[in-house]
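Sequence below, structure please.
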Amino acid sequence: MPIALYRIDDRLIHGQVVVGWGQPLELRYIVLVDDDVALSEWEQELYRMGVPPEMQVHFLSVDDAAVRMPQLQAEHGTGILLVADIPTMHRLVAQCASAIRAVNVGGVHHSPGRTPRLRYVFLSTHEEHELRELSHMGVDVTAQDVPSTRPVPLDELLQSTLESS
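The predicted model follows:
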């Protein structure tokens, strides 16, 4: 079965991904796409600790993931592909032609220069632009933190604002 979810989540592998998405999707593998993590055995070992032993984890750079995408999508079982940020997903989609048709914005947390859009999505102007570009490339972009919540379409995401508490 192909990769079931292409997710942007700045925490990468954590309980919400492994349990929240992993159980309903019956995940067999995770593809973590990050240029720095792909080069760091230490970081890879840390991420492996958060994954059950029966679940495989592939650590790839953007370039390697783009080249291996047909193989990854043909792996046995269901998989999820994770990136930590919007620019990384944008680079990957641009290199994979039409292989990625939908992207889930699952966790882009607060940092300077970002505007709160949902309780789990804060975006800079540049990130908003890159999400719009993904949409113009034919990718269905939605925000959804866990499978039990409603996917928020890109237009609605970009129009929403959270009140400061």
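
which residues in the chain form strands?
Applying DSSP state E to the chain gives strands spanning 3-9, 27-33, 56-60, 78-83, 102-107, 115-118, 121-123, 140-143, 152-153.

Run the angle between the first one and strand 102-107 for me.
Between strand 3-9 and strand 102-107, the angle formed by their directions is 40 degrees, by axes from the mean of the first three to the mean of the last three C-alpha atoms, to 10 degrees.

hang on, the earlier thing: can you put the strands of the chain in a markdown table and add mean pLDDT, distance to E133 and mean neighbour count?
Where C-beta positions appear, they are placed from N, C-alpha and C, glycine not excepted. Listed next are the strands of the chain as a markdown table, based on pLDDT from 0 to 100; distance: least, C-beta to C-beta, whole Å; neighbours: other C-beta atoms under 10 Å:
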| stretch | mean pLDDT | distance to E133 | mean neighbour count |
| --- | --- | --- | --- |
| strand 3-9 | 96 | 14 | 22 |
| strand 27-33 | 96 | 18 | 22 |
| strand 56-60 | 96 | 22 | 18 |
| strand 78-83 | 96 | 15 | 23 |
| strand 102-107 | 96 | 11 | 22 |
| strand 115-118 | 94 | 17 | 18 |
| strand 121-123 | 96 | 13 | 22 |
| strand 140-143 | 98 | 10 | 21 |
| strand 152-153 | 97 | 16 | 16 |
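
Which per-residue confidence value corresponds to M1?
pLDDT recorded at M1 is 54.

ok, and what's touching the helix or strand bottoming out on mean pLDDT in the chain?
Averaged element by element with mean pLDDT, DSSP states H and E, the chain has its least confident helix or strand at helix 15 (a mean of 87). Contacts with helix 15, where a contact means C-beta atoms under 8 Å, 6 or more residues apart in numbering, come from G50.

Perfect, that will be all.
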